[in-house]
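> Predicted model and sequence below, questions to follow.
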Amino acid sequence: MNAKNAGGQQQRVSIARALMNGGQVILADEPTGALDSHSGEEVMAILRQLRDRGHTVIIVTHDPLIAAQAERIIEIHDGKIVHNPPAQEKKREQGVDAAVVNTAPGWRQFASSFREALSMAWLAMAANKMRTLLTMLGIIIGIASVVSIVVVGDAAKQMVLADIRAMGTNTIDIHPGKDFGDDNPQYRQALKYDDLVAIQKQPWVNSATPSVSKSLRLRYGNIDIAVNANGVSGDYFNVYGMSFREGNTFNAVQQQDRAQVVVLDANTRRQLFPNKANVVGEVVLAGNMPVIVIGVAEEKPSMYGNSNLLQIWLPYSTMSDRIMGQSWLNSITVRVKDGVDSDQAEQQLTRLLTLRHGKKDFFTWNMDSVLKTAEKTTYTLQLFLTLVAVISLVVGGIGVMNIMLVSVTERTREIGIRMAVGAR
């Protein structure tokens with residue numbers, strides 16, 4: 001408190017300091033001491049106003065005129081209470097009923113302080129609109145970048161994994177040789193039909209399909225196109241989770257009788273029959289062999305776009321005997337039952353065929369391993385993108401910190417005045 005202030009000013013500052021800290025009990029020791037009569041009356045008027053607003057005012061004085069203004073007078077002599085009459089209710093000078101005036105509960109004080117702080121903050125933001133806009137913009141950009149990158153990254157991850165699953169989950173491909181591209185003649189005939197039968201008998205196998213393939217010319221009327229012909233079993237479409245737009249797959253009787261039937265993919269159907277509503281039962285030439293269309297496989301959408309390959313599927317017995325004239329298989333695809341670990345199934349499959357062949361003249365390709373690798377890769381990428389977004393959020397936070405520092409610097413004088421009168 002500045003010593004140069006007049007006595008009345010010092011008393012008012014002392015009262016303001018007590019009120020600034022939320023005091024409900026005001027202790028006034030000789031409030032009119034060393035004051036002229038006019039200043040003393042002003043100080044007493046302030047104390048009476050505080051009493052009427054619910055504050056408890058305790059005055060220590062030697063002046064009987066000051067004591068007479070109190071509702072209750074307790075006399076002390078040599079440190080002992082010599083007179084302590086019961087309190088007497090007096091009419092408020094401002095007409096406030098004593099039964100109505102009560103000390104405000106704690107939650108009301110908190111609510112009042114919160115409203116005051118909120119009001120001050122709103123006024124400060126309204127006074128500096130551009131600064132407020134830039135501060136909000138930094139936070140908005142930071143939060144939006146984090147949320148958008150996390151959402152977009154997760155969506156991209158799910159799309160990639162969905163495309164991989166569309167290729168056939170829980171599946172293991174078996175190919176002859178040591179690896180892809182191995183055209184060693186001694187491995188070419190490694191996979192036989194008997195291997196397929198032995199695999200189908202395993203308890204952990206859901207289904208298994210052989211595959212032999214060759215490029216053929218497919219003709220219908222004056223339309224002649226090149227297609228990739230695949231000789232498979234009827235379980236092929238179940239293994240790869242494919243559905244049918246028209247018709248159905250071939251049955252066991254057609255497999256056994258080497259039936260001249262074919263299943264087209266959606267692209268091939270569009271090329272051969274652009275204007276037909278139903279193509280089941282139509283006859284086309286696969287190479288030089290007439291075949292009947294019994295089904296059209298549904299097209300699978302992908303984030304990479306739809307494949308432009310033209311594919312057809314025939315019974316593998318028809319493909320091997322009537323078209324290719326070979327007794328071995330190009331590959332076998334095995335679908336593992338749900339709940340069976342694909343890695344363990346792959347180990348059992350390798351052990352089974354190695355015992356049957358007497359050597360390991362084949363290799364396996366586990367789609368679940370590809371799926372796990374893709375999950376790890378996409379997780380790492382998503383983590384990196386999230387880190388970049390967090391950095392932008394931190395930059396926005398630093399901008400807010402700078403604005404807050406500027407605001408505090410600008411209000412140094414105001415803060416000093418508030419602290420001088422007791423603010424915490």
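Thanks, I have it.
> drop to CA atoms for contacts and neighbour counts, all remaining ones
Will do.
> all strands for the stretch 1-150 of the chain, in order.
Taking DSSP state E, counting those that start in this stretch, the strands of the stretch 1-150 of the chain run over residues 25-29, 56-60, 75-77, 80-83.
> so which of those strands comes closest to residue 124?
Closest approach to residue 124 among the strands of the stretch 1-150 of the chain is made by strand 25-29 (32.1 Å; Cα to Cα).
> Where does residue 351 fall, secondary structure wise?
Element membership for residue 351 (DSSP states H and E) is helix 342-357.
> helices or strands next to that helix in the packing?
Packed against helix 342-357 by the contact rule (3 or more Cα pairs under 8 Å, 6 or more residues apart in numbering; DSSP states H and E) you find strand 171-176, helix 193-200, strand 362-366.
> Make JSON lines out of the strands of the stretch 1-150 of the chain and add mean neighbour count, distance to residue 223 and mean pLDDT.
Converted to JSON lines, those look like this (neighbours: other Cα atoms under 10 Å; distance: least, Cα to Cα, whole Å; pLDDT from 0 to 100):
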{"stretch": "strand 25-29", "mean neighbour count": "15", "distance to residue 223": "102", "mean pLDDT": "81"}
{"stretch": "strand 56-60", "mean neighbour count": "16", "distance to residue 223": "104", "mean pLDDT": "85"}
{"stretch": "strand 75-77", "mean neighbour count": "11", "distance to residue 223": "122", "mean pLDDT": "84"}
{"stretch": "strand 80-83", "mean neighbour count": "10", "distance to residue 223": "122", "mean pLDDT": "82"}
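> Show me the one of those that comes nearest residue 113.
Closest to residue 113 of those is strand 25-29 (Cα to Cα; 18.0 Å).
> who's in contact with the closest one?
Contact with strand 25-29 is made by 15, 18, 55-61, as judged by Cα atoms under 8 Å, 6 or more residues apart in numbering.
> The residue lying closest to residue 290 once chain neighbours are set aside in helix, strand or coil?
Distances taken as Cα to Cα, 6 or more residues apart in numbering place residue 284 nearest to residue 290, at 5.6 Å, with adjacent residues excluded. Look at residue 284: counting by DSSP: H, G, I helix; E, B strand; the rest coil, its state is strand.
> Now do the strands in the stretch 201-350 of the chain.
205-220, 223-232, 244-247, 261-264, 283-286, 289-297, 311-315, 331-336.
> Can you list the neighbours in contact with the last one?
For strand 331-336, the surrounding residues in contact (Cα under 8 Å, 6+ apart) are 169-176, 191, 196, 204-212, 239, 342, 345.
> Domain map for the protein?
As given by automatic domain parsing, the domain ranges for the chain are 7-103, 109-178+361-424, 191-335.
> hey, which of those is tucked in deepest?
Most buried of the domains of the chain, by mean neighbour count (mean count of other Cα atoms under 10 Å): domain 191-335, with a mean of 18.
> now the strands of the stretch 201-350 of the chain in TSV, with distance to residue 161 and mean pLDDT?
Formatted as TSV, the strands of the stretch 201-350 of the chain follow (distance: least, Cα to Cα, whole Å; pLDDT from 0 to 100):
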stretch	distance to residue 161	mean pLDDT
strand 205-220	22	89
strand 223-232	26	92
strand 244-247	23	91
strand 261-264	26	94
strand 283-286	35	93
strand 289-297	22	93
strand 311-315	24	93
strand 331-336	18	87
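> which one of those strands lies closest to residue 108?
Closest to residue 108 of these, according to Cα to Cα: strand 331-336, at 67.8 Å.
> For the stretch 301-424 of the chain, which residues score under the pLDDT cut-off?
By pLDDT under 70, the low-scoring segments of the stretch 301-424 of the chain are 301-307, 418, 420-424.
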